[in-house]
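Engineer: model this:
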Amino acid sequence: MDCARRAPGRIGAGVTDKTMAIHRIILKRPDGGLDERVFEHDVVTIGKDENCGIVIKGWGIGRQHAEIRFTPEGARITSQNALLGVGINGVRIKQYGPLLPKDEIQLGGYLLYVLPGADGANGAQTARPLNDEQGGHPRAVATPAVAPPPRVASPAPLVRTATKQTDPGTPRPAPAPEHRAVAQEQPLSPREQDEIADVYLEWRVRAHTELIRLMDVRRTDITTMTEVELEATVRMMIDIVLESLTGLPETIQRNLLAEQVLHEAIGLGPLEPLLADESVTEIMVNSHDQIFVERAGRLTKSPVHFTNDRSVISAIERIVAPIGRKIDESSPLVDARLKDGSRVNAVIPPLALKGPCITIRKFPKYRLYGEDLLKFGTLNERMLEFLSFCVRQAKNIIISGGTGSGKTTLLNILSNFIPEEDRIVTVEDAAELRLHQPNLVSLEARPPNSEGKGAIPIRDLVKNCLRMRPDRIVVGECRGGEALDMLQAMNTGHDGSLTTAHANSPRDMLSRLEVMVLMAGMDLPVMAIREQIASAIDLIVQQTRFKCGSRKITAITEVSGVESGKIQLQDIFVFEREGYTAEGKVKGRYVATGAVPEFLEELREAGVQTPSLEIFGTPAHV
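Structural biologist: The predicted model follows:
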């Protein structure tokens with residue numbers, strides 16, 4: 001088909017007034033591709049003849065197959081090929097009109113849609129003047145194939161416009177097509193934000209319902225489409241649906257509504273703008289109409305929400321399908337990840353009583369370094385120098401902390417200090433770590449299938465990675481019996497291994513390790529477990545999330561051995577809290593306790609350049 005060619009129409013020549021109407025026709029090719037044509041004249045011919053307004057090729061197309069005539073009452077189509085004919089919504093016709101945006105014109109394997117245009121002088125589009133090179137014939141104005149509307153980052157224009165009073169005799173300036181300049185912007189209250197979101201929700205529900213019905217009527221097979229084709233097809237159908245909706249308020253931005261419907265149909269619905277917002281660190285969907293987000297450690301209710309529970313479940317299915325997982329009544333909870341590595345947990349009824357729930361832990365889109373920890377106030381320069389030295393010197397480190405304290409983020413940053421020549425094997429439940437060393441192997445556990453079989457837990461992966469010749473083993477998080485295999489790996493030559501675990505203090509971390517080792521099912525005496533722990537672990541780094549939302553390393557503790565049946569700990573650095581600021585932020589100072597790690601002397605005797613002893617003795621304020 002000659003898609004790029006824009007042949008002149010045969011009827012309507014000589015109409016050159018710039019105030020003429022603009023007419024839009026969308027053409028869908030048999031291969032699924034889309035092309036939008038814009039015409040300045042009122043009669044458009046369709047066929048394989050080069051002089052037709054829309055030139056399409058194929059055995060099922062006549063030389064002048066059909067004609068579309070635009071009148072004040074609407075567009076009408078006339079079949080000019082009695083043998084092959086023209087179909088409208090599956091019914092063969094001789095003449096049909098007026099055409100609606102939802103009407104599907106079937107013509108020799110091609111589909112056409114006639115959309116309302118605009119006045120050339122006052123509409124959103126402007127007619128292109130005709131020149132002598134066109135031979136005096138009006139031609140279709142070439143436009144990109146179904147140009148998508150601009151993406152909008154926020155779910156709704158949540159600002160109040162302060163208008164200025166003008167003299168009645170003063171002519172008002174014409175408003176801009178989309179975004180008007182505002183004299184003053186004030187944030188809306190949560191109630192006003194909810195009201196705006198409710199208006200969009202009502203129309204989004206209607207548009208989404210019509211879109212599903214339209215796709216069902218046309219038997220749209222999305223399984224054979226690529227992502228680009230799927231998005232282009234759905235955008236075109238949304239355009240048709242919005243043109244057919246009656247009573248759409250002028251206050252609603254059509255491009256924003258179209259984007260919301262698109263996200264709900266093939267994306268993650270209202271979560272899309274939240275995922276694009278870099279200030280949001282966590283998204284919590286309690287039910288379809290209740291979404292909370294975390295910004296700077298503070299939880300707030302988002303004004304956006306899903307259309308219904310089915311939309312939430314559809315979003316969950318789109319998350320888990322690419323990674324080979326499923327969620328249904330037989331397995332109503334799942335751990336997954338997004339393309340950017342963000343962690344996802346989902347629970348659906350009957351376990352979730354209020355409706356399907358989603359929790360998304362977002363990770364920064366850019367790579368974090370030690371300097372970022374300094375900027376965030378997570379530690380000071382002396383602590384960063386010490387930790388980077390310990391990682392480079394292959395000390396075994398466990399990062400301890402509560403939920404949401406930043407353990408995985410700290411683990412990612414500390415992994416930057418691993419030398420590039422080391423071979424690293426990572427083991428995780430759901431892949432979240434993003435290491436950048438070249439010699440890297442990432443392993444991910446597998447849950448059981450629908451029959452309850454085929455599961456491969458973390459413990460099996462830790463055992464297997466010992467046969468993969470790793471220099472370093474990094475386990476995303478120890479939760480159970482894999483702790484025993486991790487300790488054994490640390491004690492059998494895999495120095496420099498890193499992992500995280502949940503605990504509220506370094507001493508609690510040791511107690512949890514003992515419990516996790518016993519979960520492996522081995523009947524080991526407690527003393528043997530403690531000796532294994534003391535021999536394997538060099539440092540415990542305690543990370544804490546305070547009520548104000550700030551995250552800080554509150555202790556760097558050395559495991560120095562076992563004495564009288566008890567594991568001995570020695571704090572190297574601690575955070576001494578001194579209260580809160582007027583803004584509610586925790587304040588305090590990082591203190592070096594004066595204790596020098598025992599392994600430092602061993603490294604010095606081996607000729608290793610070690611940090612100055614001064615970093616272990618002088619307090620430094622936050």
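
Engineer: Spell out, range by range, the helices that occur in this structure.
Structural biologist: 190-217, 227-244, 254-266, 271-276, 309-320, 370-376, 381-392, 407-415, 458-465, 482-490, 506-518, 526-536, 598-605 (DSSP state H).

Engineer: helices or strands up against the second one?
Structural biologist: So the one you mean is helix 227-244. Here helix 227-244 touches strand 21-28, strand 34-39, strand 110-119, helix 190-217, helix 254-266, going by 3 or more Cβ pairs under 8 Å, 6 or more residues apart in numbering; DSSP states H and E. For the C-beta atoms, the positions are set from N, CA and C on the backbone; glycine is no exception.

Engineer: Ok, the shortest one next?
Structural biologist: With contacts defined as 3+ Cβ pairs under 8 Å, 6+ apart, the packing partners of helix 271-276 are strand 280-287, strand 290-295, strand 357-361.

Engineer: Now do the first one, average pLDDT.
Structural biologist: This predicted structure assigns strand 280-287 an average pLDDT of 92.

Engineer: how about the spatially closest residue to F389 that is not a sequence neighbour, what does it touch?
Structural biologist: Counting by Cβ to Cβ, 6 or more residues apart in numbering, F389 lies nearest to P611, which is 5.6 Å off, once chain neighbours are set aside. Contact analysis of P611 by Cβ atoms under 8 Å, 6 or more residues apart in numbering lists E385, F386, F389.

Engineer: Mind checking the helices and strands packed on helix 227-244 for the one nearest to G74?
Structural biologist: When the helices and strands packed on helix 227-244 are compared by Cβ to Cβ, strand 110-119 sits nearest G74, at 8.9 Å.

Engineer: can you count the residues close to E432?
Structural biologist: A total of 20 residues lie near E432 under the criterion other Cβ atoms under 10 Å.

Engineer: got the phi/psi numbers for it?
Structural biologist: With angles defined as degrees, to the nearest 10, E432 sits at phi -130, psi -30.

Engineer: residues in contact with it?
Structural biologist: By Cβ under 8 Å, 6+ apart, E432 lies in contact with R337, G341, R343, F363, T408, G476.

Engineer: The first one pairs with what?
Structural biologist: Beta-bridge pairing for R337 (DSSP bridges): R343.

Engineer: Distance of T71 relative to H23?
Structural biologist: To H23, T71 is 11 Å away according to Cβ to Cβ, to the nearest Å.

Engineer: Residues that sit against both of those two, list them.
Structural biologist: Common neighbours of T71 and H23, using Cβ under 8 Å, 6+ apart, are D42.

Engineer: Between the two, which has more neighbouring residues?
Structural biologist: Comparing T71 with H23 by other Cβ under 10 Å, the one with more neighbours is H23, at 22 against 11.

Engineer: Verify the stated contact: that one with V43.
Structural biologist: No. The criterion here is Cβ atoms under 8 Å, and H23 misses it with V43 at 9.8 Å.

Engineer: Need the residues touching each of these two.
Structural biologist: With Cβ under 8 Å, 6+ apart, H23 and V43 have common neighbours F70.

Engineer: Please look at K587 and E578 and confirm they touch.
Structural biologist: Yes. At 5.4 Å, K587 counts as touching E578 under the criterion of Cβ under 8 Å.

Engineer: who's more crowded, those two?
Structural biologist: Ranked by neighbour count (other Cβ under 10 Å), K587 and E578 place K587 first, with 15 against 12.

Engineer: Near P303, how many other residues are there?
Structural biologist: Neighbours of P303 (other Cβ under 10 Å): 23.

Engineer: Equivalent analysis for the one 4 residues further on, please.
Structural biologist: Neighbouring residues of T307 were enumerated by other Cβ under 10 Å; the total is 23.

Engineer: What separation do you get for it and R367?
Structural biologist: 36 Å.

Engineer: same question, F389
Structural biologist: F389 is 21 Å from R367, by Cβ to Cβ.

Engineer: need the contact list for V586.
Structural biologist: For V586, the contact set (Cβ under 8 Å, 6+ apart) comprises F546, K547, C548, S550, K552, R577, G579, Y580.

Engineer: unless I'm mixing things up, the third one is touching A296, no?
Structural biologist: Looking back up the chat, that one is C548. No. Between C548 and A296 there is no contact under Cβ under 8 Å: 9.1 Å.
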